[in-house]
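>>> Predicted model and sequence follow; I will ask about them next.
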Amino acid sequence: MNKLFKLFFLIGFTILLIMIVFNYLGFFSTTYDTYEAEIGELKYEMDGKGYLMYDEQILASPYSGDVIFLVNNNQRVPGKTPIARIKRRNISSDRKIDFDGKDLLIDVNKIKNNIKTIENQIAFFRKEKDVEAEEKAKDILDNLYPVLASLNEREDLYYNRPLVNYERDDSTGDIIVYSKRSGIVSLNVSPYDQVFTPKNMYILKYDELKEYKKEPVKREVVSNEGFVRIVNNSQVFLFTNIDKKDTVIFNKNKRIDIIINDTLVRAILVNKITNSDNVTLQFLLMNDFDKMSDEKIVDIKMIPAKAKGIIIDEDSIIDYKGNEGVEVLKKDNTVVFKRINRLTTVKGKVCISVDTFSYLNKDKNIVSIRTVKLYDDIIKKPKEEYLIGK
């Protein structure tokens with residue numbers, strides 16, 4: 001009996017010893033699916049069509065005739081510069097000089113009704129003390145007021161009619177057309193130019209502008225026909241339409257990068273106009289273009305979100321005790337929680353600060369937080385039970 005007891009005791013002791021060794025070696029530890037924290041850049045890019053709008057002057061001749069240009073396309077000229085010589089000649093033409101463009105005008109009455117409805121909603125939300133709903137309604141109203149103000153008590157498009165500014169050459173009888181202002185010469189004109197003006201920026205249907213009907217350089221003109229543009233490139237506006245679901249990415253008065261026909265420019269979002277089907281974004285471009293005055297409708301790539309830091313999966317983020325962070329596996333196979341500072345989020349990926357970040361607490365004191373470091377092992381699918389007792 002004693003021998004049998006000793007045998008069982010020896011077997012049990014051996015098994016216990018083996019279990020202790022295996023546990024020390026990690027055979028009985030929880031296994032975690034992890035990935036290393038790495039530095040990268042996260043960008044959110046959106047392709048689309050953009051509509052460029054300039055402050056420009058269209059020039060015309062008082063008489064018909066052949067055009068001899070005295071300047072080159074895209075040439076910057078000061079005010080009172082001779083632009084073209086018109087050799088007077090009778091030219092019969094059925095070309096329509098004035099452009100209607102009323103099909104590009106938004107429904108002004110609908111805008112007015114929307115403003116009135118939202119003003120009534122704001123009054124109701126204020127009475128109900130629903131601050132959040134009131135602020136959201138105010139944001140929409142702030143975007144609609146500029147539309148109404150741009151009409152300037154009119155319910156029609158503003159037409160930038162061609163300007164006749166000339167002198168007669170007494171020795172030849174020719175007409176010399178002058179620019180009245182400084183700017184960049186564009187020999188490309190279109191009927192659209194008469195309504196493609198900042199004064200109409202809020203009231204055009206941009207989704208109706210499928211193509212910009214650019215005409216060939218004019219070598220002959222009839223009287224009062226616009227044939228050259230003088231463009232002020234110091235202030236250029238860009239408009240584009242996006243889906244309503246994407247508006248949260250764009251913040252007013254924030255600078256973003258936009259690639260226009262392969263040229264990188266900086267822009268400020270100055271307004272968001274909510275339409276029935278989409279949202280129109282209005283940007284003020286920060287670059288002074290010397291060679292873009294011919295363009296009105298362009299291919300663009302917007303980059304509203306861009307950041308450098310550690311790139312993690314959004315699924316790796318957990319809310320722990322009211323703080324957003326990730327679970328990091330240490331070398332001893334224990335799990336720790338590290339708070340994160342989210343810089344930007346793009347399609348399931350998140351860019352966060354590296355090593356440390358700071359914030360102001362309720363007492364307006366700066367608090368520094370140690371966060372994820374390079375090469376930390378981040379748990380892919382975190383669970384709060386991994387942190388029990390931490």
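That came through, no problem. Residues are numbered from 1 along each chain as shown.
>>> Specify the local secondary structure of residue 110.
On the three-state scheme (DSSP: H, G, I helix; E, B strand; the rest coil), residue 110 is labelled helix.
>>> Let me see the contact set for it.
Residues touching residue 110, when contacts are defined by CB atoms under 8 Å, 6 or more residues apart in numbering, are absent altogether. C-beta: built from backbone N, CA, C; applies to glycine.
>>> try the one 4 residues further on
By CB under 8 Å, 6+ apart, the residues touching residue 114 are residue 144.
>>> That one: which element?
Using DSSP states H and E, residue 114 sits within helix 108-128.
>>> Return the alpha-carbon coordinates of that helix using PDB.
Below are the C-alpha coordinates for helix 108-128, written out as PDB (Å, rounded to 0.1, in the frame of the first residue of the first chain):
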ATOM      1  CA  VAL A 108     -34.500  80.700 -55.500                       C
ATOM      2  CA  ASN A 109     -38.000  80.400 -54.000                       C
ATOM      3  CA  LYS A 110     -37.100  77.000 -52.700                       C
ATOM      4  CA  ILE A 111     -34.100  78.500 -50.900                       C
ATOM      5  CA  LYS A 112     -36.200  81.200 -49.300                       C
ATOM      6  CA  ASN A 113     -38.700  78.700 -48.100                       C
ATOM      7  CA  ASN A 114     -36.000  76.500 -46.600                       C
ATOM      8  CA  ILE A 115     -34.600  79.500 -44.700                       C
ATOM      9  CA  LYS A 116     -38.000  80.400 -43.300                       C
ATOM     10  CA  THR A 117     -38.600  76.700 -42.300                       C
ATOM     11  CA  ILE A 118     -35.200  76.500 -40.500                       C
ATOM     12  CA  GLU A 119     -35.700  79.800 -38.700                       C
ATOM     13  CA  ASN A 120     -39.000  78.500 -37.400                       C
ATOM     14  CA  GLN A 121     -37.300  75.300 -36.300                       C
ATOM     15  CA  ILE A 122     -34.600  77.200 -34.400                       C
ATOM     16  CA  ALA A 123     -37.300  79.200 -32.600                       C
ATOM     17  CA  PHE A 124     -39.000  75.900 -31.600                       C
ATOM     18  CA  PHE A 125     -35.700  74.200 -30.500                       C
ATOM     19  CA  ARG A 126     -34.800  77.300 -28.400                       C
ATOM     20  CA  LYS A 127     -38.200  77.200 -26.700                       C
ATOM     21  CA  GLU A 128     -37.700  73.400 -26.000                       C
END
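>>> Enumerate every residue touching residue 338.
Counting by CB under 8 Å, 6+ apart, the residues that residue 338 touches are 325, 326, 327, 328, 370, 371, 372, 376.
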